[in-house]
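# quick one: sequence and predicted model below, then my questions.
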Amino acid sequence: MEKIIKNGSKLKTGYTTGTCAQAAAKAAAVYLFTDKKFDYVEVNILSGKLLKIKIKSLEKYDDYAECSVIKESGDDPDVTNGIEIKAAVYKGYDKLIIDGGKGIGRVTKSGLKVPAGQAAINPVPRKMIAYEMEKVCLDYGYDKSFKVIISAEKGLETAKKTFNERLGIIGGISILGTTGIVEPMSEKALIDTICLEIDSQMEQGRKNILLTPGNYGRNAALEKFGIDIEKGIKISNYIGDTLDYLLYKQPERILIIGHAGKLSKTAGGIMNTHSNYADCRHEIFAAYAALCGAEKQVIEEIFNAVSTDEIDYILMRYNLHEKVWDIVINKIMENIKRRLQNKIQCEVMVFTNKENTWKYSSKALDFIKYFKDI
């Protein structure tokens, strides 16, 4: 596996489940035409790069051969790391069939990259498996095709740690991958998952999309408004990327519910709220407190606060709470509307933990009725 430099550290890359399925399918197909076992198989991924994948098992039966490889995610904290991906390859078919077996999920909802009813093997892995099968036919002068069944040991248990059930993928993991390589802490993979969930919800006919950066406030939102944000889409730090995709998809309404620690950053125009990119919370609240007449001592307290919850408490103590929060909410909405090009209705609800403060944009409370039954 290769290594890349990320955040000042040298990290190992890994292989996608798609690459593992591709490698296992090729090895099994080759083994159908030879009696000699081998320990590694080479596959070409979509970029054209040649990867050498270690084989865990290789067996031949009366009418098929089966190979398994171990998914290696490198330094990426992937729940599928270490899972065993298998491919059973059968000869004698007029056209190529690719399907999922035990431990591979099946798509039950429309809106995903794979049609409902099919195994959750995404288009790029299917394409790469097909490429390998065609190459084996050419290499061995075989004029028929194959049936390839991909399976995953402990796939059902592993899938429970993923978003699959939320997306309508039931019974196991998905075979994924666009490049064939897993990069540690891949932002693209997370953003792709967010976009996939947006696709799924809108394909189901939802016109109103609920977004939440994380898990904070679920019970508060449920008890206060009857909104279960677990039914919303968790967008982590990727507010800007999510809004960009929603601008493309054009739902009717968007409601964002999130903790002040993240959403207040958008008042400063920060649309990736991870602290590695920027953190202007203290500056935002201090600046607006100053505009509202705060003395130097108060501004220093805000700068020295350890959290947004503590800043919230300071604003309460000095009777600045309503004035400062009104400006912050207006700035959040101004930047969100600009990102959405004023083409989609969007409202925001912001809360803190310490005092359970809730602040809303102007029409947020009117939006609640659209999100209670999503």
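Thanks, I have it.
# and Ile368, how far is that from Phe225?
5 Å (C-beta to C-beta, to the nearest Å). Backbone N, C-alpha and C define where each C-beta goes, glycine included.
# do Lys363 as well
14 Å.
# then Tyr61?
For Tyr61 relative to Phe225 (C-beta to C-beta), the value is 58 Å.
# more neighbours: which of these two?
Phe225 (19 against 9; other C-beta atoms under 10 Å).
# for that one, give me its contacts.
Contact partners of Phe225, counting by C-beta atoms under 8 Å, 6 or more residues apart in numbering, are Ile368, Lys372.
# can we see that at 10 Å?
Ile257, Met349, Trp358, Ala364, Leu365, Phe367, Ile368, Lys369, Phe371, Lys372 (C-beta atoms under 10 Å, 6 or more residues apart in numbering).
# same question for Leu291.
Lys323, Val324, Ile327.
# the second one contacts Thr357, doesn't it?
Spelled out, it's Val324. No. The pair Val324 / Thr357 is not scored as a contact, 11.5 Å apart, by C-beta atoms under 10 Å.
# between these two, what contacts are shared?
Asp312, Leu315.
# of those two, who's got more company?
Higher neighbour count among Val324 and Thr357: Val324, with 25 against 18, using other C-beta under 10 Å.
# residues touching the more buried one, list them.
Val324 touches 284-292, 294, 302, 311-312, 314-315, 318, counting by C-beta under 10 Å, 6+ apart.
# need the nearest residue in space to it, chain neighbours excluded.
Nearest-residue entry for Val324: Tyr288, 4.8 Å, with adjacent residues in sequence omitted and distances by C-beta to C-beta, 6 or more residues apart in numbering.
# please identify, among the contacts of Phe225, the one with the most neighbours.
Ile257 (27 neighbours).
# please name the bridge partners of the closest residue to that one other than its chain neighbours.
Spatial nearest neighbour of Ile257, chain neighbours left out: Met349 (4.6 Å); criterion: C-beta to C-beta, 6+ apart. For Met349, the beta-bridge partners are Ile257, Tyr360 (DSSP bridges).
# any idea how far Met316 is from Trp325?
Distance from Met316 to Trp325, by C-beta to C-beta: 10 Å.
# next one: Ile104
Ile104 is 49 Å from Trp325, by C-beta to C-beta.
# what residue of the chain is the furthest out?
Glu295 (44.1 Å; C-alpha atoms, centre = their mean).
# surely that residue touches Ala286?
No. The criterion here is C-beta under 10 Å, and Glu295 misses it with Ala286 at 11.8 Å.
# please enumerate the shared neighbours of these two.
Glu301.
# how many other residues sit next to Phe194?
Careful, residue 194 is Ile; it's not Phe. If you count neighbours by other C-beta under 10 Å, Ile194 ends up with 20.
# which element is it on?
helix 187-203 (DSSP states H and E).
# could you point out which element follows that helix?
strand 208-212.
# residues contacting the residue lying closest to Ile327 once chain neighbours are set aside?
Ranked by C-beta to C-beta, 6+ apart and with sequence neighbours excluded, the top spatial neighbour of Ile327 is Tyr288, at 4.6 Å. For Tyr288, the residues meeting the contact criterion (C-beta under 10 Å, 6+ apart) are 267, 294, 302, 315, 320, 323-328, 330-331.
# next one: Tyr93
Counted by C-beta under 10 Å, 6+ apart, Tyr93 has contacts Met133, Lys144, Ser145, Phe146, Lys147, Val148.
# residue boundaries of the helices in the stretch 151-300 of the chain?
155-159, 164-167, 187-203, 218-225, 239-249, 260-263, 281-291, 296-304 (DSSP state H, counting those that start in this stretch).
# counting neighbours, what do you get for Glu223?
9.
# return the subset of the contacts of Phe225 lying in strands.
Residues of those located in strands (DSSP state E): Ile257, Met349, Trp358.
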